[in-house]
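Trainee: Here's a sequence, model it:
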Amino acid sequence: MLGKTILFSGGKYDIAFIKQYLVDMSFDTVACADSGLEAAHAVGVNVDYIMGDFDSVLQETLAEYRSADKAAKFVQYPKAKDYTDTQMVLEWILSEGASEITILGATGGRLDHFLSNLNILMKPLKQGIPAYIVDSHNRLYLIDGETTLHREQVFGKYISLQPLSEEVYPVTLTGFQYGLKDYTLTYGDGRAISNEFAPEAQTATISFTHGELIVIESRD
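Mentor: Residues are numbered from 1 along each chain as shown. So this is what the prediction gives:
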């Protein structure tokens, strides 16, 4: 069982933020998807698993982590494959019993990879495993039913909702600065962007019964 797992994806990183973020949070396992190893190396975190086709990571970095003192486990995939490195590692993490997943390096750089990383969060969602994409300004995750947020636990001041399915309904927001009651969110609807906790509220609840929502907690 992997427990709470950090997945270093192959995107761009704010190294100073990642260093502090890893100090502030607890985790059990670190897995790297290909060049995500470079970021893990830069922040000096111990790595448990390294997976990918290794076409975008420096050979000297690979050699260092293959050494006996690092003791990381390697899984190499062929370059010709049907899925991204991040998806393959995510699916392996799920199969090995991760209880929570945080993906780093999934937002910077190529937009096609970011959208792919967003969509593969459906896999842990359907298995009931909390999974987050985090960078220095945002924490992003998917929900498919009623969810309560706690003021002291949210990543940033702003909370935005976007439909991942064509329609999400009936959406009711309580404890927010801008409430909704039995609303239907659809593609192209910006009604639920940049919300905040109501001044007196310590919790806020998002309620709905149909569809999937993208939740983005943001800071400036």
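
Trainee: Can you tell me how far residue 47 is from residue 41?
Mentor: Separation of residue 47 from residue 41 (CB to CB, to the nearest Å): 8 Å. Every C-beta, even on glycine, is put in place using the N, C-alpha and C of the backbone.

Trainee: what sits in contact with each of the two?
Mentor: Listed as contacting both residue 47 and residue 41 by CB atoms under 8 Å, 6 or more residues apart in numbering are residue 65.

Trainee: outside of the helix or strand bottoming out on mean pLDDT in the chain, which residues touch it?
Mentor: Within the chain, confidence by mean pLDDT, DSSP states H and E is lowest for strand 73-76 among all helices and strands, at a mean of 82. Outside strand 73-76, the residues within contact range by CB under 8 Å, 6+ apart are 48-54, 65-66, 92.

Trainee: now stretch 39-46
Mentor: Contacts to stretch 39-46, defined as CB under 8 Å, 6+ apart, come from residues 6, 8, 13, 15, 18-19, 22, 30, 32, 47, 61, 64-65, 104-105.

Trainee: Filter those residues down to just the ones in helices.
Mentor: Here DSSP state H is the test, and the contacts of stretch 39-46 give 15, 18-19, 22, 61, 64-65 as lying in helices.

Trainee: CSV for the residues you listed, including distance to residue 158 and neighbour count?
Mentor: Formatted as CSV, those follow (distance: CB to CB, whole Å; neighbours: other CB atoms under 10 Å):
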residue, distance to residue 158, neighbour count
15, 24, 11
18, 21, 22
19, 24, 15
22, 24, 18
61, 36, 17
64, 40, 14
65, 38, 19
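
Trainee: would you list these in TSV and tack on distance to residue 87 and pLDDT?
Mentor: Shown next, in TSV, are those (distance: CB to CB, whole Å; pLDDT from 0 to 100):
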residue	distance to residue 87	pLDDT
15	24	94
18	21	95
19	26	95
22	23	95
61	22	89
64	26	87
65	22	86
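
Trainee: which one of those is nearest residue 186?
Mentor: Closest to residue 186 out of those is residue 18 (35.6 Å), distances taken as CB to CB.

Trainee: was I right about the closest one contacting residue 104?
Mentor: Yes: using CB atoms under 8 Å, residue 18 is in contact with residue 104, at 6.1 Å.

Trainee: And the closest residue in space to residue 36 that isn't next to it in sequence, how far from residue 196?
Mentor: Closest residue in space to residue 36, ignoring its immediate chain neighbours: residue 8 at 3.2 Å, by CB to CB, 6 or more residues apart in numbering. Per CB to CB, residue 8 is found 31 Å from residue 196.
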